Structure formats: C-alpha cells, structure tokens
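K.L.:
any chance you could fold what I've pasted below:
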Amino acid sequence: MLLRNRWVILSIGMVAQVASVGAMFGVPVVLPQLRQVFDVTTAQAGLLAGIPSFGLLLTLLLWGLVIDRAGERATMTLSLVLTAGALGLLWIATGLWTAGAALLLVGAVAGPVNAASGRLVLVWFSSRERGLAMGLRQSAFPLGVGLASLVLPTAADAWGFAGAMSLPAVLALLTAPLVLAIPAAPSAPVRSGPAGGGEEREAASDSGSPYRQWTIWRVHGVSMLLGVAQITMMTYALIYLVEEQGWDPPAAGAVVALAQIPGAAGRLLFGVWSDRLGDRMRPVRWLAVAATGCLLLLTVLPAVRSWTAVPLVLACLSLTSWHNGLTFTSVAETAGAAWAGRALAVQNWLQGVSTTLTPVLMAAVITLAGLPAVFAVGALFSAAAVAAVPLTPRAAPREEA
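P.N.:
Residues are numbered from 1 along each chain as shown. Model prediction:
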C-alpha cells in the first residue's frame, strides 16, 4: 500500500510542516497589508509578526506530552485543523488586540507538527537512513518560508491580509486527511538488518526518562549555542551588507536568498554522512569548529578586504544552519520512541528561546561595539558548542517497550 511507504509518509509530514511554517512565519512577508488593514505602526506590525512564536513557547511542551500519549498522526491532524481555524479568525479580527489574539492562537496550535513529524522519522526509518530523512524533513522549514515569501505577498495584494493567510489554512485542511490516513506506526523503530539486508525491529530497551542522563541535556545545549550563531546570521546578514558594505537592500536580499540553496543541500549531505558514520554529533562538532572560524573571519577580514564580505556571509549562513537536522535526529534517537515527542518538543522550545533572546543580546552588542561585533559574539557561542558536544560512544537508541 502506497501510504505504508516510509518516503511517502515523510513527504506527507513535510507538506504538513510547510503548512505549519506558512501559518507561523508567513506574517512578516505581508506586513504592509497587515499595517493597512489594522491601521498600525511598523513597530506594532512587527510585534504582531512575533506573536505566533510567543504562542508556540506557551504550549509546545504540553504538545510534546500529547504526541507521546496520542501519537503523531492524531496530534498532527488536530494541530492542522486547529491552525486552519485560528487563521480563519483573522477574517473577523477588527483591531490590534483581536489580531494579536488570533495570531497568538495560531502559534499555540501550530507548533506540534514539527516535533510530531520528527517522531515519524524515528519510528519509520532505520538508523542508517534517519540522518537523510531528518535532513529532508528539516528542509521543509526553508521551503515553507520560501514559498510564503513567493506566494503570500502577491495573494495579499489581491485578497488582503486575511485572504493571504488563508492559503496556509487551506493547505493545512487539505493535508489533514492525508496525515490521518498514515498507517499506525510500527511498535518499535526499525534498524537495518545484518549487512544491510532488510530491516528488523530494534529491541526495546529501558524506557525510563532520558533526562536522567547528561547526554540529551548536552545535545539540547549544543543546539541552543549554535542557534545563537544561526539566528545572528539570519537576523543581521542583510543589514550588514547594506550598512557596512553599501549594498542595495534588494541585492543584499538576493545574497541571503542564495544561501538557502547550500543551506538546504548541506543538511542533506551531513545527514547522509552521519548515517554512514553512525554518529550524529561528531559532524556537529566539526561544523561548530568551522562556523567559529568563519564567523571570526567575517568579523575582521572584510574591513581590509571588502571583496571577502559576500563569500563569508554565504559561508556563515550555510555553516550555522547545517547542524539542525543532526541535533534533531540525535535528540530523537537518544530519547527513544516513548519519549521522542516530549524530547523533540523540548528541543523546539529551547530553540524558540534562543530565537527570542538572541536579537535582544545582539542589540546590546551593536550598541556597545558596532554591527560586525555580533559575528564575534556568535563565534564565542559556536566555540562553546565545540566543548559541549557529547562524543561518548553512542548507545543503541532507546525504544518504546
């Protein structure tokens, strides 16, 4: 049966995540229409654009428990339906407060799709394929942001803010029946058979909390540390090219967009490498070392060799994003199927904390030392990640009894 094919299941999970990403992060690309319909200032519109992320932080840990109790199919289906309903409330929002309430609800209900689709990878793919599969699944985030950037502004010009935000709602409703039709997950995740010959169910192991050990905490910590460098590049790369290198904003935006291509390709390649290596975190350590060096070069080298700015921006944007799939997979495998939903929710929640706090930290850095200094601070966090990466021999993944 087609829906029992693990790659089809992965594709459905990716489409569901694209819908969720469009709902969560589509608002920034239609801010002009939002300002017009609600008659708010640019600062107020920016506040509204950030409200879904705040809603995500409020509920994501609870959603992780729901995933482990109710399963990923039921949780994703419920989330997609609720997300469509929350986006529909934008049609009746009449002002700043009602729009903010609707967007807060969007973030509160859209969050679990990412963690739940990650759990699908854990239970449907063997350990020799999870790096690639998780890299593909993680690519749904830049894909969702890219599609939103291409489609929503035009839709907003034609149908208004609420009309544009109805597109991810429609995609969510169309995807929900497909998610619900996914067969029940295997009772235990699969692993490759001897010499790669077929797949076998992994034996169940101790189902106690993975948070009794330091390993998963260290993986979470590494992800947060590297997330500071990643968010720094995502937030300040364009404005750096404009203010420090004299580029026009459209040209600088094209450079940032161009970085998404190696950014996505690198996630897949490092996922495959980790599959062959049998280790998720050793490649993360090498990435942290490379990102540290590249960020330090970006801090100082363009001041004396201006032509190096664009290659270094592209390299830093890519290097700081390649760890995501690896750390996500490591968290899932360390937690095991019984705890994967909660662990992946914690992973997303902590990443949300990094996303929220990094611009606050870097605003202080810019005030005290100037814009290029943010890259040096990002390098310090990457260097700390090098030391934090757990490199002890990886135990067999913990599985649900």
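K.L.:
what residues does stretch 348-356 touch?
P.N.:
Contact with stretch 348-356 is made by 53-54, 56-57, 60-61, 111, 114-115, 220, 223-224, 227-228, 231, as judged by C-beta atoms under 8 Å, 6 or more residues apart in numbering. For every residue, glycine as well, the C-beta is placed using N, CA and C.
K.L.:
in helices, which of those fall?
P.N.:
53-54, 56-57, 60-61, 114-115, 220, 223-224, 227-228, 231 (DSSP state H).
K.L.:
for PyMOL, write the select line for the buried members of those residues.
P.N.:
Selection command for PyMOL covering only the buried members of the ones in helices among the contacts of stretch 348-356, criterion 16 or more other C-beta atoms under 10 Å:
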select buried, resi 53+54+56+57+60+114+115+220+223+224+227+228+231
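K.L.:
what residues are up against the spatially most distant residue from the centre of the chain?
P.N.:
In the chain, residue 304 marks the outermost C-alpha relative to the chain mean, sitting 35.0 Å out by C-alpha atoms, centre = their mean. The contact partners of residue 304, by C-beta under 8 Å, 6+ apart, come to none.
K.L.:
now it: how far from residue 297?
P.N.:
Taking C-beta to C-beta, to the nearest Å as the measure, residue 304 falls 11 Å from residue 297.
K.L.:
who's in contact with residue 262?
P.N.:
With the criterion set at C-beta under 8 Å, 6+ apart, residue 262 makes contact with 314, 318.
K.L.:
which SSE is it in?
P.N.:
helix 260-277 (DSSP states H and E).
K.L.:
next one: residue 106
P.N.:
helix 96-110.
K.L.:
can you pull the buried residues of that helix?
P.N.:
Buried, per 16+ other C-beta under 10 Å, within helix 96-110: 96, 99, 100, 102, 103, 104, 105, 106, 107, 108, 109, 110.
K.L.:
out of the residues you listed, which comes closest to residue 88?
P.N.:
Closest approach between the buried residues of helix 96-110 and residue 88, by C-beta to C-beta: residue 102, at 8.7 Å.
K.L.:
neighbours around the closest residue to that closest one other than its chain neighbours, how many?
P.N.:
Once flanking residues are discounted, residue 102 sits nearest to residue 89: 4.1 Å by C-beta to C-beta, 6 or more residues apart in numbering. Counted with other C-beta atoms under 10 Å, the neighbours of residue 89 add up to 16.
K.L.:
tell me the contacts of residue 89?
P.N.:
Contacts of residue 89 by C-beta under 8 Å, 6+ apart are 101, 102, 105.
K.L.:
low-confidence ranges in this protein?
P.N.:
The chain contains residues with pLDDT under 70 at 1-3, 42-43, 46, 185-207, 249, 392-401.
K.L.:
break it into its domains for me.
P.N.:
The chain is divided into the following domains under automatic domain parsing: 2-182, 210-388.
K.L.:
can you tell me the SS state at residue 371?
P.N.:
coil (DSSP: H, G, I helix; E, B strand; the rest coil).
K.L.:
where's residue 41 relative to residue 47, distance?
P.N.:
Applying C-beta to C-beta to residue 41 and residue 47 gives a distance of 9 Å.
K.L.:
more crowded one of those two?
P.N.:
residue 47 (15 against 10).
K.L.:
compute the inter-axis angle for the helix or strand harbouring residue 347 and helix 96-110.
P.N.:
Per DSSP H and E, residue 347 falls inside helix 340-369. If you take axes from the mean of the first three to the mean of the last three C-alpha atoms, to 10 degrees, helix 340-369 sits at 130 degrees to helix 96-110.
K.L.:
nearest residue to residue 269 in space, please, no chain neighbours.
P.N.:
Per C-beta to C-beta, 6+ apart, closest to residue 269 is residue 135, 7.9 Å.
K.L.:
residue 275 versus the one you found, what's the distance?
P.N.:
Residue 135 is 9 Å from residue 275, by C-beta to C-beta.
K.L.:
compare these two (neighbour count), which wins?
P.N.:
residue 135 (28 against 23).
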